[in-house]
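[1] got a predicted structure plus its sequence, pasted below:
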Amino acid sequence: MKGLCWLVGLLLLLVAPALRAQAAPPANPHAAATRPQDQNSPAADLKPGTIEATIVDAQGKPLGGIDVRLGIVVQSVAQGESRSQRTARADDQGRVRFEGLSFGSGNAYRVTVNAQGASYASSPFNLKDDAGQRVLLHVYPSTHDIGQTMLGMRGFVYIEPRDDVFQFEVLFRVFNMGDVTWLPQNVTMRLPRNFKAFTATESMNDTRFEAVEGKGARLTGTFTPGQHDCQFRFQVPKGSSDTASFDIGLPPRVAEIRVITEANTSMGLEIDGFEPVQADVSPKGERVLVTRKVLEQPEQQLGTFSIVLTGLPTPGIGRWIAVLVALAVASAGAFAAAGFLDKDVPERKETLEEKRKARELILGELVALERVRIAGEIGPRAYSQHRDRLLDAIARLGVPSDERRRKAKRQRDKGAPEASTA
């Protein structure tokens, strides 16, 4: 999440909130401005350890007879985290009271109501030792039909190329500016077919993405009036090519999508129909490429697009030669240890020559590795891993230096015992 967090905050400050004009027009254009707000605050007139919750509809009318749940989370160093709950039914005034509760920072509470398949909850809170807590919670009409809502989305896709995979971080900021709750049904965002390691970020409410095997990520939960953030991450295996393409299918009502990728100086980002790519630098000094697409007409859909990364670093041939030669040497050592090779038989001249050529190739790969490091085209972790592999391959070759080979030859010519080449 390292790149996504700072960049989303920055982009949200820079981008004008034009989503209202791009979402479907509401029956009441002033609904968002006049919508009553939930309340959650300490109440000095209530006894400490007491929570009084009032449940009302969108017009402020009490909802009597509705079941109210109080979620309780207790955290302590000695016992860790424990969860429990209490339930009560609201009276004719939509009011319910929970008493005898513990206060302090180690005890967190949350009031939740389920109505018509939707879940409405207060923000978590702690109780003070000198006051109770009063909660006002609104319940709205709900629908599965997004066409009946004033809802829009803004999405962000952040890509981090790693040694073996591409790490994707995805965030959708959902704005419900009407007075109807949306319950998504069979709303799936298509991901690259070979995606793996899907993880959804926990949120304070039930809005989230869930993995759908072989398809992508399904959007679920209760999108009440207001703003909701849904985040997840996944990986795509990295091949040996210097180009990679990823097909993404968006959920409905996405008014803007931005794609950001970490990139060295040789990499490029291409997406048909998106704005020209801009290069930037993150606060951590990482070079990033940024582009976006914004709806021009409310009736349009962004749909599916392909992200193409070009100029990706590819493994050099020296590394694979090093691996093959190292395996050959290791195999020869195993045979010798098992007695299948005669240790007194001098190594063939051809074998030594092959090792010397392999050593020269690996040294050339080390030089090339240093060049890309100096040019900033490879990260420190990847550089360290590749360098260690190449140095290990040279050590496995065990090729003696020219001076030691000449000394060994002179000793053999004189009939003296051969000097060690270790």
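    The structure has been received and is ready for your questions.
[2] let me know the secondary structure of Gly364.
    With DSSP: H, G, I helix; E, B strand; the rest coil as the basis, Gly364 sits in helix.
[3] against Ala358, how distant is it?
    In this view, Gly364 and Ala358 are 11 Å apart by C-beta to C-beta, to the nearest Å. Quick note: C-beta positions are derived from backbone N, CA and C, even for glycine.
[4] and those two? which has more neighbours close in?
    Ala358 (22 against 13; other C-beta atoms under 10 Å).
[5] which helix or which strand is home to the more buried one?
    In this assignment (DSSP states H and E), Ala358 forms part of helix 349-374.
[6] can I get the next helix or strand after that helix in PDB, CA atoms only?
    Past helix 349-374, further along toward the C-terminus, the next helix or strand under DSSP H and E is helix 380-397. Taking only C-alpha atoms (Å, rounded to 0.1, in the frame of the first residue of the first chain), the coordinates of helix 380-397 have been written out as PDB:
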ATOM      1  CA  PRO A 380      18.300  -2.000  -4.500                       C
ATOM      2  CA  ARG A 381      16.600  -5.200  -3.600                       C
ATOM      3  CA  ALA A 382      16.600  -6.700  -7.100                       C
ATOM      4  CA  TYR A 383      20.200  -5.500  -7.600                       C
ATOM      5  CA  SER A 384      21.400  -7.200  -4.400                       C
ATOM      6  CA  GLN A 385      19.600 -10.400  -5.300                       C
ATOM      7  CA  HIS A 386      21.000 -10.600  -8.800                       C
ATOM      8  CA  ARG A 387      24.500  -9.600  -7.700                       C
ATOM      9  CA  ASP A 388      24.500 -12.300  -5.000                       C
ATOM     10  CA  ARG A 389      23.400 -14.900  -7.500                       C
ATOM     11  CA  LEU A 390      26.100 -14.000 -10.000                       C
ATOM     12  CA  LEU A 391      28.800 -14.000  -7.400                       C
ATOM     13  CA  ASP A 392      27.600 -17.300  -6.100                       C
ATOM     14  CA  ALA A 393      27.800 -18.700  -9.600                       C
ATOM     15  CA  ILE A 394      31.400 -17.600 -10.000                       C
ATOM     16  CA  ALA A 395      32.300 -19.200  -6.700                       C
ATOM     17  CA  ARG A 396      30.700 -22.500  -7.800                       C
ATOM     18  CA  LEU A 397      32.700 -22.500 -11.000                       C
END
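[7] next, the angle from helix 380-397 to helix 349-374.
    Between the axis of helix 380-397 and that of helix 349-374 there is an angle of 170 degrees, by axes from the mean of the first three to the mean of the last three C-alpha atoms, to 10 degrees.
[8] could you say what helices and strands the helix holding Ala358 packs with?
    With contacts taken as 3 or more C-beta pairs under 8 Å, 6 or more residues apart in numbering; DSSP states H and E, helix 349-374 sits against helix 317-337, helix 380-397.
[9] any chance you could map the helices in this protein?
    Listed in chain order, the helices of the chain (DSSP state H) span 2-14, 19-22, 31-34, 317-337, 349-374, 380-397, 402-413.
[10] least reliable of the ones you listed by average pLDDT, please.
    Looking at those, the lowest mean pLDDT belongs to helix 19-22 (a mean of 38).
[11] thinking Tyr158 is in contact with Ala263, fair?
    No - using C-beta atoms under 8 Å, Tyr158 and Ala263 do not qualify as a contacting pair, with a distance of 11.8 Å.
[12] and Val281, how far from Thr261?
    If you measure Val281 against Thr261 using C-beta to C-beta, the figure is 13 Å.
[13] let me redo that: Leu63
    Leu63 is 48 Å from Thr261, where distance means C-beta to C-beta.
[14] what does Ser240 give?
    Distance, Ser240 to Thr261, using C-beta to C-beta: 19 Å.
[15] show me the domain layout of the chain.
    For the chain, whose domains are defined here by automatic domain parsing, the residue ranges read 2-22+149-310, 38-141, 317-413.
[16] quick check, distance from the first one to the centre of its chain.
    When you say that, I think you mean domain 2-22+149-310. Between the mean C-alpha point of domain 2-22+149-310 and the mean C-alpha point of its chain there is a distance of 10 Å (C-alpha atoms, centre = their mean, to the nearest Å).
[17] rewinding a little: neighbour count winner among Ser240 and Thr261?
    For the pair Ser240 and Thr261, the greater number of neighbours falls to Thr261 (23 against 7), based on other C-beta under 10 Å.
[18] excluding its backbone neighbours, what's nearest the more buried one?
    Spatially, and ignoring its direct neighbours in sequence, Thr261 is nearest to Ile159 (4.0 Å; C-beta to C-beta, 6 or more residues apart in numbering).
[19] test my guess that the one you found contacts Arg258.
    No - contact status for Ile159 versus Arg258: not in contact, 11.5 Å apart, counting by C-beta under 8 Å.
[20] next, count neighbours for Arg287.
    Residues near Arg287, counting by other C-beta under 10 Å, number 15.
[21] for it, which residues make a bridge with it?
    In this structure, Arg287 bridges to Val281 when assessed by DSSP bridges.
[22] would you mind measuring from it to Phe166?
    Distance, Arg287 to Phe166, using C-beta to C-beta: 16 Å.
[23] confidence-wise, which helix or strand of this protein is lowest on average?
    Across the helices and strands of the chain, mean pLDDT, DSSP states H and E gives its lowest value to helix 19-22, namely a mean of 38.
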